[in-house]
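# got a predicted model here, sequence first, then my questions.
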Amino acid sequence: MASEDKIHCGVVMPISAIDGCSEVHWSEVYSIIKDAIHDAGFAGCLVSEADDSGIIHKRIINNLYENR
């Protein structure tokens with residue numbers, strides 16, 4: 001099944017350095033989460049990701065609402 005046909009699973013998590021964890025740490029965590037989502041048959045993406053530019057808060061809210 002192509003990723004376009006899969007149900008999207010929105011991921012909400014830090015992506016920048018916080019609480020002693022670097023951006024690299026969060027990137028590795030996201031990779032693990034995304035692999036697990038894929039193995040479960042879904043397409044995973046950060047709710048802050050989008051193909052267009054715009055206000056990030058609006059994008060996050062829209063993706064939270066639209067991702068099943």
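Now that the structure is in, tell me what you want to look at.

# only C-alpha atoms for contact and neighbour calcs from this point on.
OK.

# any idea how far residue 46 is from the closest residue to residue 27 other than its chain neighbours?
Spatially, and ignoring its direct neighbours in sequence, residue 27 is nearest to residue 15 (6.9 Å; C-alpha to C-alpha, 6 or more residues apart in numbering). Going from residue 15 to residue 46 by C-alpha to C-alpha, to the nearest Å gives 9 Å.

# please, which helix or strand holds residue 35?
helix 23-39 (DSSP states H and E).

# what's the very next helix or strand once past that helix packed up against?
Toward the C-terminus, helix 23-39 is succeeded by strand 43-46 as the next helix or strand (DSSP H and E). Counting by 3 or more C-alpha pairs under 8 Å, 6 or more residues apart in numbering; DSSP states H and E, the packing neighbours recorded for strand 43-46 are strand 8-11, helix 23-39.

# just to revisit the earlier point, in the helix holding residue 35, what counts as buried?
26, 30, 34, 37-38 (16 or more other C-alpha atoms under 10 Å).

# pLDDT weak spots in the protein?
Across the chain, residues meeting the criterion (pLDDT under 70) sit at 1-4.

# can you rerun that using 50?
Scanning the chain for pLDDT under 50 picks out no residues.

# nearest to the spatial middle of it, which residue is it?
Nearest to the geometric centre of the chain sits residue 46, at 1.6 Å (C-alpha atoms, centre = their mean).

# not counting its neighbours along the chain, what's nearest that one?
Take residue 46 and drop its neighbours on the chain: the residue closest to it by C-alpha to C-alpha, 6+ apart is residue 11, 4.6 Å away.
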